[in-house]
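Student: take this sequence and fold it.
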Amino acid sequence: MEIANLLAQVNGSTVLAVGLILGLGGAGTAIGFGLLGGKLLEGVARQPEMAGMLTGRMFLVAGLLDAVTFVGIGIGMYFTFANPFAAAVKAAAGG
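Tutor: Okay, here's the model as predicted:
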C-alpha cells in the first residue's frame, strides 16, 4: 500500500510540474509577443522605409519564440505519458 501512496504522490507532483511548465511557458511567450509587437511598431513608426525588413525579422523571432513553448509542451507530454519518476518508483518496488 505504501507503493501506491508513493506513486500517487509522484503523479500529483508531476501534474503540478507540468502545469507550471505549460503555464509559465505560455505566459513568457505572451509577454515576448507583446514586447516584440510593440518594438516592431516603434521601429516602423521611426523608419517606415524599413517596415519590410523589420517585419521579416519579427516573424523570424516569433518563430523562435514559439519554439520555446513547443519544447515545453513536448517535455510536459513526456512527463505526463512516459513519467520516468513513476517508472523509477515501480522499478525500486520490484514491479
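
Student: could I get the full set of helices for the chain?
Tutor: 2-46, 51-81, 84-93 (DSSP state H).

Student: what about residue 91, how many neighbours?
Tutor: Residues lying near residue 91 (other CB atoms under 10 Å) number 9. C-beta coordinates here come from the backbone N, C-alpha and C atoms, glycine included.

Student: ditto for residue 72
Tutor: Residue 72, neighbours per other CB under 10 Å, totals 20.

Student: verify the stated contact: it with residue 23.
Tutor: No: with contact defined as CB atoms under 8 Å, residue 72 does not reach residue 23; the gap is 9.6 Å.

Student: could you list the low-pLDDT ranges of the chain?
Tutor: Applying pLDDT under 70 to the chain flags the ranges 1, 95.

Student: one more time with 50, if that's ok
Tutor: Across the chain, nothing is flagged by pLDDT under 50.

Student: center of it - which residue?
Tutor: residue 72 (3.1 Å; CA atoms, centre = their mean).

Student: measure it to residue 86 for me?
Tutor: Distance from residue 72 to residue 86, counting by CB to CB, to the nearest Å: 20 Å.

Student: do the same with residue 73
Tutor: 20 Å.

Student: equivalent analysis for residue 13, please.
Tutor: In this view, residue 13 and residue 86 are 10 Å apart by CB to CB.

Student: and those two? which has more neighbours close in?
Tutor: Taking other CB under 10 Å, residue 13 and residue 86 do not tie; residue 86 has more neighbours (16 against 11).

Student: find the nearest non-adjacent residue to that one, please.
Tutor: Leaving aside its sequence neighbours, residue 86 sits nearest to residue 10 (CB to CB, 6 or more residues apart in numbering; 5.3 Å).
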